[in-house]
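Undergrad: my questions concern the predicted model and sequence given below.
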Amino acid sequence: MRNLYISFILLWTLSCSGNNQQRDLTEFESEHGIGPITNEIELGTFDPILADRGEQIYMSLCVMCHGQNDSEIAPSLEGVLDRRSPEYVMNMILNPTGMIRWHPTRTDEKKYLTSMPYQSLTIEEARSIIEFLRVVSSDASL
Ligand code: HEC
């Protein structure tokens, strides 16, 4: 009986650790990330006032890790909107732990010396950072 009990615990532990490795993603999540942004957003024409607000947040909360090219601290955000969708970037800002744990683009990526922290930003603040990032990406509408 005791052995049966132990095998059960062992099986349960194994199946849990297996689950930690993968999670079924929806089509939206595969492309746009996992988090509070669950619909595509329309960027519209460039809004310089919103971008200024985003730049202020970037300068106080992001640049210390993301400000250098080829860094082992964090990937550079220059041109990030050329490789990631705005929704993906917002989900990364709003749910970094979930993204790093579950999204294949993150789990496959090389490891950095730091970990992207959760900074309790609002959806509006994350959106303003997107506007700023449009400036450092090749956004055709600029
Ligand atoms: C303590 C350092 C640190 C801070 C502060 C930080 N990040 Fe990150 N960020 C990282 C690391 C490390 C990664 C790579 C995560 C991974 O895949 O393991 C990352 C990844 C990202 C990515 C994905 C980039 C890509 O090429 O896919 C985005 C977007 C991002 N961060 C945006 C931000 C924004 C915006 C802020 C400020 C609100 C911020 N980060 C603050 C460390 C940081």
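TA: Nice, I can see it.
Undergrad: the residue positioned nearest the centre of the chain: what's it in contact with?
TA: Nearest to the geometric centre of the chain sits residue 92, at 1.8 Å (C-alpha atoms, centre = their mean). The neighbourhood of residue 92, defined by C-beta atoms under 8 Å, 6 or more residues apart in numbering, consists of 33, 35, 84, 99, 116. Every residue, glycine included, has its C-beta placed from N, CA and C.
Undergrad: could you check how far the third one is from residue 111?
TA: Computed as C-beta to C-beta, to the nearest Å, the residue 84 to residue 111 distance reads 19 Å.
Undergrad: neighbour count for those two, which is higher?
TA: Neighbour comparison, residue 84 and residue 111: the larger count goes to residue 84, with 20 against 7 (by other C-beta atoms under 10 Å).
Undergrad: and residue 32, what is it in contact with?
TA: 40, 85, 87, 88, 91.
Undergrad: angles on the backbone of residue 25, please.
TA: phi -100, psi 150 (degrees, to the nearest 10).
Undergrad: that one against residue 103, yeah?
TA: Yes: counting by C-beta atoms under 8 Å, residue 103 is a contact partner of residue 25 at 7.4 Å.
Undergrad: who touches both of the two?
TA: With C-beta under 8 Å, 6+ apart, residue 25 and residue 103 have common neighbours residue 34.
Undergrad: between those two, which one's more packed in?
TA: The residue with more neighbours, out of residue 25 and residue 103 and counting by other C-beta under 10 Å, is residue 103; that gives 22 against 14.
Undergrad: now that one: how far from residue 50?
TA: Using C-beta to C-beta, residue 103 is found at 26 Å from residue 50.
Undergrad: what does residue 60 give?
TA: As judged by C-beta to C-beta, residue 60 and residue 50 stand 16 Å apart.
Undergrad: also residue 69?
TA: 26 Å.
Undergrad: which one of those two is surrounded by more residues?
TA: When neighbours are counted by other C-beta under 10 Å, residue 50 comes out ahead of the other of residue 69 and residue 50, with 17 against 8.
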